[in-house]
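**Student:** Give me coordinates for this.
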Amino acid sequence: MAVAFTNEAASFATQAFGIVVVGGFVFAVSAALWMVLKVSMGIRVSAEAEINGLDSTELGMEAYPDFTNG
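**Tutor:** This is a model prediction of the structure:
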């Protein structure tokens, strides 16, 4: 955005439009990717895995064994 202050050929409006276009593209592609992931494999863990803790569910060990009661 500061290029418009140092270069007379640059346009502030053109740069702002580019930011909006790139932001819209990234948002649309990210939303589409999240929808595909949500439909194909899910984006959440099961309720049981959440209660047990993801460390023991996914890795088979506790991340901080010194801070647990078990």
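**Student:** residue farthest from the centroid of the chain?
**Tutor:** Distance to the chain centre peaks in the chain at residue 8, reaching 36.9 Å (criterion: CA atoms, centre = their mean).
**Student:** So which elements touch the top helix by length along the chain?
**Tutor:** Counting residues, the longest helix in the chain under DSSP state H turns out to be helix 12-40. Secondary-structure packing of helix 12-40 (3 or more CB pairs under 8 Å, 6 or more residues apart in numbering; DSSP states H and E): helix 3-6. C-betas here are computed from N, CA, C, even on glycine.
**Student:** Other residues contacting the helix it packs on?
**Tutor:** By CB atoms under 8 Å, 6 or more residues apart in numbering, the surrounding residues in contact with helix 3-6 are 10, 11, 12, 15.
**Student:** burial of residue 49, as a residue count?
**Tutor:** Per other CB atoms under 10 Å, the neighbour tally for residue 49 reads 13.
**Student:** Please report the distance of it from residue 13.
**Tutor:** 50 Å (CB to CB, to the nearest Å).
**Student:** same question, residue 24
**Tutor:** Taking CB to CB as the measure, residue 24 falls 16 Å from residue 13.
**Student:** so after the one helix or strand residue 51 maps to, what's the next helix or strand?
**Tutor:** For residue 51, the enclosing helix or strand under DSSP states H and E is helix 47-52. Next along the chain after helix 47-52, taking DSSP H and E as the criterion, comes helix 54.
**Student:** what residues does that next one touch?
**Tutor:** Applying CB under 8 Å, 6+ apart, the external contacts of helix 54 come out as residue 45.
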